[in-house]
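Q: quick one, what's the 3D model for this:
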Amino acid sequence: AAECNTVPEPPAAGSVLAIDACGTDVSDSVSYKEVRIEGSCEDQYTLKRTWSIKDACGVVTSRTQFIDVADTQPPEILGDADNQICLSPPNHRMADFSGVQEMVGVADACDPAPVLKSVSCDSNQSDNTIGDGNTTGDCSYDWDSDILAARAERSPTSDGRTYRAMYTAIDRCGNENEPE
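A: A predicted model of the protein is given here:
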């Protein structure tokens with residue numbers, strides 16, 4: 001088996017040595033054929049590679065190699081994870097951040113065009129703790145408008161609240177990354 005980006009190349013033409021039963025070099029008669037047998041998605045398939053050799057008497061011998069190819073790796077989120085914005089003063093109001101999907105890129109070893117599947121956010125503090133304004137829903141994301149909203153507040157017993165946007169991407173074989 002091979003990952004979709006590590007499929008071994010077949011030997012180059014003329015590099016296969018073939019000797020018949022009489023000891024004659026018949027390397028010039030080697031033919032090669034590759035057939036792709038589709039699987040459950042574009043990057044999962046089986047390669048059937050067949051080499052055939054014809055000796056001076058016209059006897060043909062063939063050998064077949066099967067390579068199961070798979071895409072098992074999830075896409076990777078690319079972007080600046082340290083991109084921090086200070087929400088101040090802690091007045092319990094929501095601050096909107098647009099263009100959140102454009103803040104990151106997505107790359108995949110096999111799929112040339114993986115996509116974002118979801119965006120979510122969380123905080124290092126509970127939504128509603130003592131002294132933080134008695135509010136809930138402190139962080140949310142709307143996919144259609146591409147806006148992340150975060151509340152400017154913090155618990156009075158800490159130095160500040162940290163929000164984190166988390167992205168999930170998917171490739172054409174259905175592999176998803178863990179939210180990051």
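Q: for the rest of this, base every contact and every neighbour count on C-alpha atoms.
A: OK.
Q: tell me the contacts of residue 10?
A: By CA atoms under 8 Å, 6 or more residues apart in numbering, the contact set of residue 10 is empty.
Q: mind listing what's buried along the helix or strand containing residue 64?
A: Here residue 64 sits within strand 60-70, counting by DSSP states H and E. Across strand 60-70, burial judged by 16 or more other CA atoms under 10 Å covers 68, 69, 70.
Q: equivalent analysis for stretch 91-107, please.
A: Buried residues in stretch 91-107, counting neighbours by 16+ other CA under 10 Å, are found at 92, 93, 94, 100, 105, 106, 107.
Q: go ahead and confirm residue 64 touches residue 53.
A: No: counting by CA atoms under 8 Å, residue 64 does not reach residue 53; the two are 11.8 Å apart.
Q: residue ranges with poor pLDDT in the chain?
A: 81-83, 129-133 (pLDDT under 70).
Q: distance of the residue nearest the centre of it from residue 1?
A: Against the mean C-alpha coordinate of the chain, by CA atoms, centre = their mean, the closest residue is residue 75 at 1.6 Å. Distance, residue 75 to residue 1, using CA to CA, to the nearest Å: 20 Å.
Q: likewise for residue 56?
A: Per CA to CA, residue 56 is found 36 Å from residue 1.
Q: likewise for residue 44?
A: From residue 44 to residue 1 the distance is 11 Å (CA to CA).
Q: which residues are in contact with both of those two?
A: Common neighbours of residue 44 and residue 1, counting by CA under 8 Å, 6+ apart, are 68, 69, 70.
Q: could I get those as a markdown table with distance to residue 19?
A: What follows is those, written out as a markdown table (distance: CA to CA, whole Å):
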| residue | distance to residue 19 |
| --- | --- |
| 68 | 29 |
| 69 | 31 |
| 70 | 35 |
